[in-house]
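# What would the 3D arrangement of this be:
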Amino acid sequence: MRSAAPGSDLQLAWTRTFAGAARTPQHIAVVRGILDGTELLPGLAVDTELRWSLLWALVAVGAASDPEIDLELERDVTASGQRRAATARALLPTREAKAEAWQLATSETELPNAIVEAIIGGFYHPAQHALTEPFVQRYFDTIGEVWVQRSGEIARAIAGGLYPDAISDSAVAAADAFLADRSLPPALRRLVSEGRDDVQRALRARQRDASALPARG
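Predicted coordinates for the structure are as follows:
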């Protein structure tokens with residue numbers, strides 16, 4: 001990030017990558033500094049879109065919360081700002097925030113599709129698996145009803161976007177139990193089958209990685 005050509009696309013790409021991967025206090029402080037202007041990267045334009053990306057990174061690890069989201073929304077009073085704020089609130093790393101995001105995405109039928117998709121975009125995060133693990137079975141318990149209640153486009157977005165991110169045999173078993181229902185609509189069956197296949201591929205990759213590690217004495 002710091003060695004890329006100032007103002008280049010590569011510099012921007014590395015900045016986004018760094019922010020998304022920041023976990024340690026030192027790295028989080030750098031992300032905060034880029035956002036508030038105390039960490040200067042020559043040539044980097046910290047525009048509205050990048051500001052939201054940096055804020056999302058901070059929110060996801062608990063380094064920013066509702067007040068910072070509200071302030072950023074005051075800076076970006078646009079439809080895009082509303083969507084980005086919805087993603088940020090779904091990224092908040094609390095049980096309450098995840099429950100609210102789930103309820104909004106799956107039950108609030110008056111929300112614009114764009115807001116629902118923004119909420120879905122913030123629901124899962126690599127640093128939050130423990131928070132979203134309880135939603136594995138909840139997904140399979142409710143997605144059939146959601147599919148019936150929502151229109152085709154947003155139903156597909158919910159079924160695909162909220163598919164559990166848990167990489168485990170139990171998640172595959174839950175999908176198998178759901179897919180055993182032969183009355184499922186074909187489109188829903190396909191989306192769930194694709195999600196199940198993704199989990200199985202991830203499990204096989206983990207197993208292969210583990211087998212490649214040297215044996216410990």
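# in stretch 16-26, what's buried?
16, 18, 19, 20, 22 (16 or more other Cβ atoms under 10 Å). The C-beta positions use only the backbone N, C-alpha and C, and glycine is treated the same way.
# Ok, stretch 158-168 next?
158, 159, 161, 162, 163, 164, 165, 166, 167.
# can you tell me how far the third one sits from residue 106?
It stands for residue 161. Using Cβ to Cβ, to the nearest Å, one gets 11 Å for the distance from residue 161 to residue 106.
# quick one, helices of this protein?
For the chain, the helices defined by DSSP state H occupy 9-21, 25-36, 48-60, 66-75, 79-91, 95-107, 113-123, 129-132, 135-149, 152-161, 169-179, 186-212.
# Ok, which of the ones you listed comes nearest residue 3?
Closest approach to residue 3 among those is made by helix 9-21 (8.7 Å; Cβ to Cβ).
# which residues are contacting that closest one?
The contact list for helix 9-21 (Cβ atoms under 8 Å, 6 or more residues apart in numbering) reads 1, 4-5, 27, 30-31, 34, 41, 43-45, 50, 53-54, 56-57.
# Which one (most neighbours) among the residues you listed?
Neighbours here mean other Cβ atoms under 10 Å. Within the contacts of helix 9-21, the largest count is held by residue 57, at 27 neighbours.
# Next one: that one from residue 200, what distance?
30 Å.
# ditto for residue 155
24 Å.
# what's the answer for residue 127, then?
For residue 127, the distance to residue 200 - Cβ to Cβ - is 23 Å.
# Same check on residue 89?
Distance from residue 89 to residue 200, by Cβ to Cβ: 32 Å.
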